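Trainee: no FASTA, just this:
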């Protein structure tokens with residue numbers, strides 16, 4: 001008996017596992033199912049000819065099951081102020097699947113979320129204001145599947161309403177939701193989540209969705225339905241009264257959402273959440289200074305009298321630029337105007353310390369400002385190149401009049417630090 005129970009359980013699992021495939025072959029809504037009964041009898045041992053009795057027929061009803069899912073399972077990282085394009089791949093992807101036993105239209109809406117949870121994080125911002133969203137259909141035959149590209153076409157609209165036209169039973173359509181230009185960094189901050197919900201509603205693809213798929217005058221169905229292509233049909237509504245065998249009725253069979261959107265079961269629609277997430281730089285700038293030398297006390301050495309800020313003294317400036325954000329900062333330019341009553345120390349300075357034309361500007365990758373940092377810094381040479389491989393460049397009174405200007409090609413995310421060091425002489 002135990003063996004039999006196991007076999008039965010296994011058979012049940014196989015049936016359940018095969019359910020989607022079986023349903024993919026489900027009888028199309030509007031199909032006429034006809035049943036005839038005949039009776040034979042004998043009289044005196046002779047079989048008599050008979051005629052079929054009146055037939056009984058009904059139309060297969062529509063089991064409405066629409067599924068909308070987010071694709072990817074994670075955020076799309078974006079930069080404030082950017083405009084989405086097929087180049088930067090700033091888009092959200094969803095699939096819309098028709099599990100109905102009939103062709104349907106799908107009415108679509110896309111909207112900003114407002115505080116809901118998406119990918120385990122709370123929605124904190126809108127992409128732009130007022131909201132500006134566009135929808136595209138993934139054209140897999142002419143482009144790359146699941147990737148927004150030039151082959152994809154805008155989702156059509158009927159009187160301003162987005163819809164998918166004539167979606168066949170079992171078909172899946174990938175839809176991209178694209179924002180307009182994002183708010184700038186004055187509004188959006190690093191790690192802001194901008195959620196978007198795509199909702200699909202099952203709608204009729206026929207001139208009259210209650211009519212049969214095929215006309216049969218003899219069987220009482222003189223008129224068949226006609227595809228209403230190129231137009232958005234009316235939302236399907238569920239029929240809750242007693243079954244009408246001569247009309248195609250709707251039974252909503254969609255399941256409740258499990259992705260956190262809270263969409264209810266059996267309501268003829270479905271939705272899904274996805275989100276952009278801001279990944280930008282967080283740049284901090286710190287400026288420090290200390291007296292390096294004066295003509296009375298000499299260099300700072302920590303022994304005896306230390307140099308003071310008197311005329312003729314040299315002051316070391318350290319400007320630290322640090323990136324603690326989630327994205328690299330590129331083309332960073334630091335400009336610092338030489339203050340009044342001081343002069344930039346370069347090859348023309350009449351000083352006897354170790355300031356030469358080869359190291360008037362130095363760089364370090366620490367955020368401190370000490371004499372050791374200066375001594376160990378990468379020297380900026382007179383031809384605006386340095387001895388390292390980081391392509392740091394700097395100049396005085398060239399890029400900007402009266403200022404030290406340095407260029408940092410890249411400050412990497414979360415940890416990039418560059419300190420520009422130079423000296424001035426107090427007049």
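Mentor: Happy to help now that I have it. Computed from a prediction, not measured in an experiment: that's the story for all the values here.

Trainee: how many neighbours does residue 177 have?
Mentor: Residues lying near residue 177 (other Cβ atoms under 10 Å) number 24. Quick note: C-beta positions are derived from backbone N, CA and C, even for glycine.

Trainee: let me redo that: residue 76
Mentor: Residue 76, neighbours per other Cβ under 10 Å, totals 20.

Trainee: where does residue 13 land on pLDDT?
Mentor: At residue 13, the predicted lDDT confidence score is 36.

Trainee: over to the one 10 residues further on?
Mentor: Here, the pLDDT recorded for residue 23 equals 51.

Trainee: cool, and residue 398?
Mentor: pLDDT, residue 398: 82.

Trainee: for residue 397, see how far away the residue lying closest to it once chain neighbours are set aside is.
Mentor: Leaving aside its chain neighbours, residue 398 sits nearest to residue 405 (7.3 Å; criterion: Cβ to Cβ, 6 or more residues apart in numbering). To residue 397, residue 405 is 9 Å away according to Cβ to Cβ, to the nearest Å.

Trainee: which of the two has more neighbours?
Mentor: The neighbour comparison of residue 405 against residue 397 (other Cβ under 10 Å) goes to residue 405, with 20 against 13.

Trainee: for the more buried one, helix, strand, or coil?
Mentor: Following DSSP: H, G, I helix; E, B strand; the rest coil, residue 405 is assigned to strand.

Trainee: distance of it relative to residue 341?
Mentor: 21 Å.

Trainee: ditto for residue 120
Mentor: In terms of Cβ to Cβ, residue 120 sits 57 Å off from residue 341.

Trainee: between the two, point out the one with more neighbours.
Mentor: Between residue 120 and residue 341, counting by other Cβ under 10 Å, residue 341 is the more crowded of the two (10 against 6).

Trainee: count of neighbours near the nearest residue to the more buried one once chain neighbours are set aside?
Mentor: Excluding the flanking residues, the one nearest residue 341 by Cβ to Cβ, 6+ apart is residue 427, at 5.2 Å. By other Cβ under 10 Å, the residues close to residue 427 number 9.

Trainee: touching, residue 427 and residue 342? I think so.
Mentor: Yes: with contact defined as Cβ atoms under 8 Å, residue 427 counts as touching residue 342 (6.3 Å).

Trainee: mind checking the end-to-end distance for stretch 95-108?
Mentor: One end of stretch 95-108 to the other measures 12 Å (Cα to Cα, to the nearest Å).

Trainee: tell me how far it is from the chain's mean position?
Mentor: The chain centre lies 23 Å from the centre of stretch 95-108; the measure is Cα atoms, centre = their mean, to the nearest Å.

Trainee: average model confidence for it?
Mentor: 97.

Trainee: which residue ends up closest to the midpoint of the chain in space?
Mentor: With distances taken as Cα atoms, centre = their mean, residue 76 lies nearest the centre of the chain, 3.2 Å away.

Trainee: for beta bridges, what are the partners of it?
Mentor: Judged by DSSP bridges, the bridge partners of residue 76 are residue 276.

Trainee: got the contact list for it?
Mentor: The contact partners of residue 76, taken as Cβ atoms under 8 Å, 6 or more residues apart in numbering, are 89-92, 274-277.

Trainee: for residue 81, same thing?
Mentor: 181-185.

Trainee: with residue 179 instead?
Mentor: 84, 90, 127-128, 132-134, 194, 196, 276.

Trainee: doesn't residue 218 belong to a helix?
Mentor: Yes: judged by three-state DSSP, residue 218 forms part of a helix.
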